[in-house]
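Enquirer: structure for this input, please:
(one chain, ligands or ions: 3)
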Amino acid sequence: MQDNLSYINQHKDRFIDELIQLLKIPSISADPAYKNDVIKTADLVKESLKKAGCDNVEICETPGYPIVYGEKIIDPALPTVLVYGHYDVQPADPIELWDSPPFEPVIKKTDIHPEGAIFARGACDDKGQMYMHVKAMELMTENDQLPCNVKFMIEGEEEVGSESLSWFVKRNQEKLANDVILISDTGMISNTQPSITTGLRGLSYVEVEVTGPNRDLHSGLYGGAVANPINILTKMIASLHDENNHITIPGFYDKVEELSREERDEMAKAPFSLDAYKKALDIEEVYGEAGYVTNERNAIRPTLDVNGIWGGYTGEGAKTVIASKAFAKISMRLVPNQDWHEITDLFKNHFESIAPKSVKVEVKPHHGGQGYVTPIDNIGYKAANKAYTETFGIQAIPQRSGGSIPIVALFEKELKSKTILMGFGLDSDAIHSPNEHYGIFNYLKGIETIPLFYKYFTEMSK
Ligand code: BES
Ligand code: MN
Ligand code: MN
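Expert: Residues are numbered from 1 along each chain as shown. Ligands and ions are numbered 1, 2, ... in the order given. Here you go, the predicted structure:
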């Protein structure tokens, strides 16, 4: 038996190469044009789980994209870790802003990643982070050190709301029974300061359509005399925040949990440089809800953002027109206790109520999900912290994240287990953006840290 680090060093080129092969397949779940690629990726994940030593590896069909399942049950008396990840990725556009093609992975050095980072869509979110678990499994199998039972459940619809996974989880409670769920699909503070994500925000995503006249009109002949849906839509959107950047939807904050001064002081201890933050984004000043600092605004406070807005003429040159319709996609990030169905209803009622009679408004809910917070006084958290402390030489800091993984709240409801979010990505890894990348350091550090989680979780379960 080899020690873990020497196993990783011996096999790291292959580990990187295998991830590159996975990243070459454009598994974009949002775009039906990539259907075959999504399915091909599921097959590759399936083969990788078999090679890593899993038994009963299968492609589980769902109404949507398949779920890849595999397990290694060494002793039913031992604890079981359920690993979740996703093999689908976000669309790559705007493609022209990538320095290298999104599905032709390249390794480049950056200031933050002096040992190099893999640039490709999905490198960090979540193929790179998910594959760390597959390689950690290989390592534990090869080194004969798997201390407990493992189940893998890797889905292909996370980036579009995990609808099929909800369907699957509700029907397979027994198959998925576990003592803890382990996910690497979040971030950490920096490569010298690990953190464990203890909260995720919920989400309500809606699309709105404002219709004015029944056809596009000449803006000279009709301008000023009928409602311009784009003017109206932008005005309605602007009214959704007040001068303090509070959201104006009645009832929106009713269930928001206010953190105590002590909890907020504790949060403020996490290392953070506002200057570095502004510099990295090339902004003069930050912006947000009055009364809260940046790390509160993006983690413990709910938000409302327009994600896209369109209508009218956007082609070359000028066309004088009043469009018949205007559209926007709007997301609301929610905090625990806010129910996303309730918030969606509040939004719909409010948005319809503020529309002038001169237009018709339609609000179409897309997907959503509940937020999540997890305490730190459980063995899952403690085992994770012990694992990080050993591989990074410093304790991990608990930190709430602003992102969403809606399925985590469902796991708790349906499978009755806590989720440990051991993320190894960095905010600067540009997930969902052009030039997404994942540090080689982070990838290998993850493979080194994960087996220790298994070890300590098993020890602490006794
Ligand atoms: N992995 C992300 C979520 C994430 C990233 C959480 C970093 C915390 C830190 C996930 O793939 C994602 O993008 N989720 C979506 C929601 C989903 C329903 C489309 C999100 O947060 O926008
Ligand atoms: Mn993800
Ligand atoms: Mn994502």
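
Enquirer: can we go C-alpha only for contacts and neighbour counts from here?
Expert: Noted.

Enquirer: what residues does the chain put near ligand 2?
Expert: D125, D126, D185 (C-alpha under 5 Å from the ion).

Enquirer: which single residue of the stretch 151-300 of the chain ends up nearest ligand 2?
Expert: Across the stretch 151-300 of the chain, no residue is closer to ligand 2 than D185, which sits at 4.8 Å (C-alpha to the ion).

Enquirer: who are the contact partners of that residue?
Expert: Contacts for D185 (C-alpha atoms under 8 Å, 6 or more residues apart in numbering) come out as G85, C124, D125, D126, Q129, M130, L421, M422, G423, F424, G425.

Enquirer: can I get the residues of the chain next to ligand 2 in CSV with secondary structure and pLDDT?
Expert: Rendered in CSV, the data for these read as follows (DSSP: H, G, I helix; E, B strand; the rest coil; pLDDT from 0 to 100):
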residue, secondary structure, pLDDT
D125, coil, 98
D126, coil, 98
D185, coil, 98
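
Enquirer: and of those residues, the nearest to ligand 1?
Expert: D185 (4.4 Å; C-alpha to the nearest ligand atom).

Enquirer: for stretch 300-307, list every residue counted as buried.
Expert: When neighbours are counted by 16 or more other C-alpha atoms under 10 Å, the buried residues of stretch 300-307 are found to be I300, R301, P302, T303, L304.

Enquirer: the second one against Q338, yeah?
Expert: The reference is to R301. No: between R301 and Q338 there is no contact, the gap being 10.9 Å when judged by C-alpha atoms under 8 Å.

Enquirer: re the thing from before, out of the residues of the chain next to ligand 2, which touch ligand 1?
Expert: Among the residues of the chain next to ligand 2, the residues lying close to ligand 1 (C-alpha under 6 Å from any ligand atom) are D125, D185.

Enquirer: can you give the domain ranges for the protein?
Expert: 2-200+371-460, 202-256+302-369 (automatic domain parsing).

Enquirer: out of those domains, deepest packed?
Expert: Each of the domains of the chain was assessed for mean neighbour count using mean count of other C-alpha atoms under 10 Å. The highest is domain 2-200+371-460, with a mean of 20.

Enquirer: surely S239 touches H246?
Expert: No: between S239 and H246 there is no contact under C-alpha under 8 Å: 10.4 Å.

Enquirer: following the chain onward from the helix or strand of the chain with the lowest mean pLDDT, which element is next?
Expert: None of the helices or strands of the chain scores lower by mean pLDDT, DSSP states H and E than helix 261-267, at a mean of 92. Downstream of helix 261-267, the next assigned helix or strand under DSSP states H and E is helix 274-281.

Enquirer: what's that following helix in contact with?
Expert: Residues lying outside helix 274-281 but in contact with it, judged by C-alpha under 8 Å, 6+ apart, are E284, E285, V286.

Enquirer: stretch 9-22 too?
Expert: T41, L44, P105, K127, G128, Y131, K135, I440, L444.

Enquirer: likewise for stretch 97-108?
Expert: Outside stretch 97-108, the residues within contact range by C-alpha under 8 Å, 6+ apart are 20, 23-26, 92, 95, 116-121, 434-435.

Enquirer: could I have the CA atoms of that stretch written out in CSV?
Expert: Once side chains and other backbone atoms are set aside, the C-alpha atoms of stretch 97-108 remain, and they are given as CSV (Å, rounded to 0.1, in the frame of the first residue of the first chain):
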residue,chain,number,x,y,z
LEU,A,97,-15.2,36.1,-25.1
TRP,A,98,-13.3,32.8,-24.6
ASP,A,99,-9.6,32.9,-25.1
SER,A,100,-9.6,29.3,-26.1
PRO,A,101,-12.5,27.1,-27.3
PRO,A,102,-14.7,26.1,-24.3
PHE,A,103,-14.7,22.4,-25.2
GLU,A,104,-11.0,22.1,-26.1
PRO,A,105,-9.4,22.2,-22.7
VAL,A,106,-6.0,23.8,-22.3
ILE,A,107,-3.8,24.2,-19.2
LYS,A,108,-2.6,27.7,-18.5
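
Enquirer: tell me how far that stretch lies from the chain's centre.
Expert: Computed by C-alpha atoms, centre = their mean, to the nearest Å, the chain-centroid distance of stretch 97-108 equals 21 Å.

Enquirer: kindly report the same for stretch 153-165.
Expert: Averaging C-alpha coordinates over stretch 153-165 and over its chain gives two centres that are 11 Å apart (C-alpha atoms, centre = their mean).

Enquirer: measure it end to end?
Expert: Its start and end residues considered, stretch 153-165 measures 9 Å (C-alpha to C-alpha, to the nearest Å).

Enquirer: and the least confident helix or strand of the chain, what's buried?
Expert: For helix 261-267, by 16+ other C-alpha under 10 Å, it's R264, M267.

Enquirer: show me what that helix is in contact with.
Expert: Here helix 261-267 makes contact (C-alpha under 8 Å, 6+ apart) with Q399.

Enquirer: other SSEs contacting the helix ranked longest in the chain?
Expert: Among the segments of the chain that qualify as a helix by DSSP state H, the longest is helix 440-461. Packing partners of helix 440-461 (3 or more C-alpha pairs under 8 Å, 6 or more residues apart in numbering; DSSP states H and E): helix 4-23, strand 117-119, helix 127-142, helix 379-392.

Enquirer: next one: the third one to chain centre, how far?
Expert: In other words, helix 127-142. Distance of helix 127-142 from the chain centroid (C-alpha atoms, centre = their mean) equals 20 Å.

Enquirer: now the element after it, going C-ward?
Expert: strand 149-155.

Enquirer: identify the residues contacting that next one?
Expert: Residues from elsewhere that reach strand 149-155, judged by C-alpha under 8 Å, 6+ apart: 65-76, 78-88, 162, 165, 176.

Enquirer: ok, 7 Å please
Expert: Outside strand 149-155, the residues within contact range by C-alpha atoms under 7 Å, 6 or more residues apart in numbering are 66-75, 78-87, 165.
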